[in-house]
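> how does the following fold in three dimensions:
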Amino acid sequence: MQGLITKSTGSWYQVQTPDGQRIDCRIKGKFRMKDITTTNPVAVGDIVDFEMEPDSENGVITNLHQRKNYIIRKAINLSKQAQIIAANLDQALLVVTLASPRTSLGFIDRFLVTAEAYDIPARLIFNKLDLFSDEGLEILADYKSIYENIGYPCFEVSALDGTNIDQVQELLKDKVTLFSGHSGVGKSSLINSLLPSLDLRTHMVSEWSDKGMHTTTFAEMFELPQGGFIIDTPGIRELGVIDIEKQELGHFFPEMRERMNECRFNNCRHINEPGCAVLEALENGEIELSRYESYLSIYHGNDTRA
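Here you go, the predicted model:
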């Protein structure tokens, strides 16, 4: 039988069949050994084959179908290992707040680089608009300018009072969408405002998924009435960029990518080389300093915290 993984606790996975049945499955022992380098062999969004266990309502996952894409992060406690957050995505929405808690530009940039590297279109959702002072609105305008100028659509919303929620609804139709961000940015509130019927279920789900969760992050998928799915992820404290070679990093910054062919040297690192088109654009104000600082931070493997 074939199904879609919609929920995970690390040791058990909920698999939804094409006719809507949901079956709790575990992974076959040998399956874990097949060239899997991530902490979770399968993830929410994966298509799998499974078979029912004899005399049981549970199943066993026997095969993973090829992924269209996936998004990945470093495992929190094992820096050399990685964890797949979700698979087979049409887009990723990063929920951002400028206070309570503050989402740093560095965190935003690491998320966007990861999405670029795994070929996932990304958008930024600035939440808690209801809390913004005049000064906060100016900062928000600056943030939006940075990212809209390099091709990332930005949306201003308030999950609390429903401002511009209809814009997000439009984004989601018939797509598989990952929601991500720090704890406290209002992802659950935003999802509840998009799917009010989930309110009670969200609390029930968190009780269910807390079992055996430890410090690992797991995702859950919800079906949308207008078509498509939302994948909600528990808050990410830190986001390490992995599996990206230093010489490739600039390709995942759109404003650097479009200038690379103008550099004097083919192997330009965009750090101190003469004739570097990226450094020239930085000096001319065509590339934001914050974005370039993020590039250097990732290039040198600096701290991944917010």
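
> now Tyr295: closest residue in space, sequence neighbours ignored.
For Tyr295, ignoring the flanking residues on the chain, the nearest one in space by CB to CB, 6 or more residues apart in numbering is Phe253 at 5.9 Å. (C-beta placed from N, C-alpha, C; glycine too.)

> show me what contacts that neighbour?
The contact partners of Phe253, taken as CB atoms under 8 Å, 6 or more residues apart in numbering, are 113, 116, 150, 291, 295.

> which residues are in contact with Phe252?
Here Phe252 is in contact with 112-113, 116-117, 244 (CB under 8 Å, 6+ apart).

> same question for Thr17.
Thr17 sits in contact with 1-3, 23, where contact means CB under 8 Å, 6+ apart.

> what about 10 Å?
Going by CB atoms under 10 Å, 6 or more residues apart in numbering, Thr17 touches 1-4, 23, 50, 59.

> and which of these is nearest Leu178?
Proximity of these to Leu178 (CB to CB) peaks at Leu4, which lies at 14.7 Å.

> distance of that closest one from Gln16?
Distance from Leu4 to Gln16, counting by CB to CB, to the nearest Å: 5 Å.

> identify the contacts common to the two.
Joint contacts of Leu4 and Gln16 (CB under 10 Å, 6+ apart) are 22, 221, 223.

> which ones among those residues lie within helices?
Of these, none are assigned to helices by DSSP state H.

> returning to that earlier point: Leu4 and Gln16: which is more packed in?
Shown here are Leu4 and Gln16; by other CB atoms under 10 Å, Leu4 has more neighbours (21 against 16).

> need the contacts of Thr17 in CSV (columns: pLDDT and distance to Leu131).
Below are the contacts of Thr17 laid out as CSV (pLDDT from 0 to 100; distance: CB to CB, whole Å):
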residue, pLDDT, distance to Leu131
Met1, 92, 47
Gln2, 95, 45
Gly3, 96, 41
Leu4, 97, 37
Ile23, 95, 42
Phe50, 95, 45
Gly59, 95, 45
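
> ok, which pair from the residues you listed is furthest apart?
Once CB to CB is applied, these give Leu4 and Gly59 as the farthest pair, at 13.1 Å.

> between these two, what contacts are shared?
Shared contacts of Leu4 and Gly59 (CB under 10 Å, 6+ apart): 15, 17, 48.

> which residues touch the closest residue to Arg257 other than its chain neighbours?
Leaving out its chain neighbours, the residue that sits closest to Arg257 by CB to CB, 6+ apart is His251, at 5.2 Å. By CB under 10 Å, 6+ apart, the contact list for His251 reads 113, 116-117, 244-245, 257, 260.

> how about 8 Å then?
By CB under 8 Å, 6+ apart, the neighbours of His251 are 116, 257, 260.

> now, the shared contacts of Leu4 and Gly59 that are in strands?
15, 48 (DSSP state E).

> check what pLDDT the nearest residue to Leu160 once chain neighbours are set aside gets.
Using CB to CB, 6+ apart and skipping residues adjacent in sequence, the residue nearest Leu160 is Asp130, 5.2 Å away. We have a pLDDT of 90 for Asp130.

> right, I'll leave it there.
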